[in-house]
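A.B. asks: Sharing a model that was predicted from the sequence below.
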Amino acid sequence: MRKVTLYIALLFISIYTVNAQQQKGHRIKLLKTSYITNAVNLTPEEAEKFWPIYNLYSEKIQNLKFTMEKGLQHQINIAGSIDKLTETQAQNYIDKLIKEETSISETKIKMFYELSKILPPKKILKLQKAEIDFNRRMLQEYGKRRRMLGQGNKKGS
């Protein structure tokens, strides 16, 4: 009976954790949408055409990056560490990285081409700047929260 209760408790904790992560991801996506809309100064008509294209290509780019990073981690895990890779294995992986980076660049180019049909060039440049600024702010916020958590742990010691 204790094992069943423990398994049920672990199941609920797992579900709660996954749900919390999904909510956090959703909240970040909403913040990014708002930030970009304001920074690019999209009109309602532009936004209606912009977001489906942007979301489609952003998802493709994110998936390509995820696959690339996961592949690198997998290669390192198989070898034990980067230092344990042979030069041939390392070169093969670099060749694969180049292909994947090329795919990411080609996807971005396609996105810019599609967006250029609905946005003026200045707004596309504003989009690039807004993405960089948003990511920078997110990293700063993450660092600030980590430092705050670290200070909280030191006070409790």
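C.D. replies: Okay, I see it.
A.B. asks: so which helix or strand takes in Arg147?
C.D. replies: Element membership of Arg147 [criterion: DSSP states H and E] is helix 121-156.
A.B. asks: measure Gln91 to Ile98 for me?
C.D. replies: As for Gln91, its distance to Ile98 is 11 Å (criterion: CB to CB, to the nearest Å). In short, each C-beta sits where N, CA and C put it, glycine included.
A.B. asks: where along this structure do the helices fall?
C.D. replies: Residue ranges of the helices in the chain, as given by DSSP state H, are 2-40, 44-79, 87-116, 121-156.
A.B. asks: If you count neighbours, what's buried in stretch 113-127?
C.D. replies: Residues of stretch 113-127 classed as buried under the neighbour-count rule (16 or more other CB atoms under 10 Å) are 114-115, 118-119, 123-124, 126-127.
A.B. asks: Apologies, that question was intended for stretch 72-89.
C.D. replies: For stretch 72-89, a neighbour-count test (16+ other CB under 10 Å) marks 75, 85 as buried.
A.B. asks: pull the CA atoms of it into PDB?
C.D. replies: Extracted in PDB, the C-alpha atoms of stretch 72-89 (Å, rounded to 0.1, in the frame of the first residue of the first chain):
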ATOM      1  CA  LEU A  72      26.100  17.000 -29.800                       C
ATOM      2  CA  GLN A  73      25.200  16.000 -26.300                       C
ATOM      3  CA  HIS A  74      24.500  12.400 -27.500                       C
ATOM      4  CA  GLN A  75      27.900  12.200 -29.300                       C
ATOM      5  CA  ILE A  76      29.700  13.400 -26.200                       C
ATOM      6  CA  ASN A  77      27.700  11.000 -23.900                       C
ATOM      7  CA  ILE A  78      28.600   8.100 -26.200                       C
ATOM      8  CA  ALA A  79      32.300   9.000 -26.200                       C
ATOM      9  CA  GLY A  80      32.300   9.800 -22.500                       C
ATOM     10  CA  SER A  81      33.600  13.400 -23.100                       C
ATOM     11  CA  ILE A  82      34.800  15.600 -25.900                       C
ATOM     12  CA  ASP A  83      38.400  14.600 -25.100                       C
ATOM     13  CA  LYS A  84      37.600  11.000 -25.800                       C
ATOM     14  CA  LEU A  85      36.300  11.600 -29.300                       C
ATOM     15  CA  THR A  86      38.600  10.600 -32.100                       C
ATOM     16  CA  GLU A  87      39.600  13.400 -34.500                       C
ATOM     17  CA  THR A  88      37.600  11.600 -37.200                       C
ATOM     18  CA  GLN A  89      34.500  11.500 -35.000                       C
END
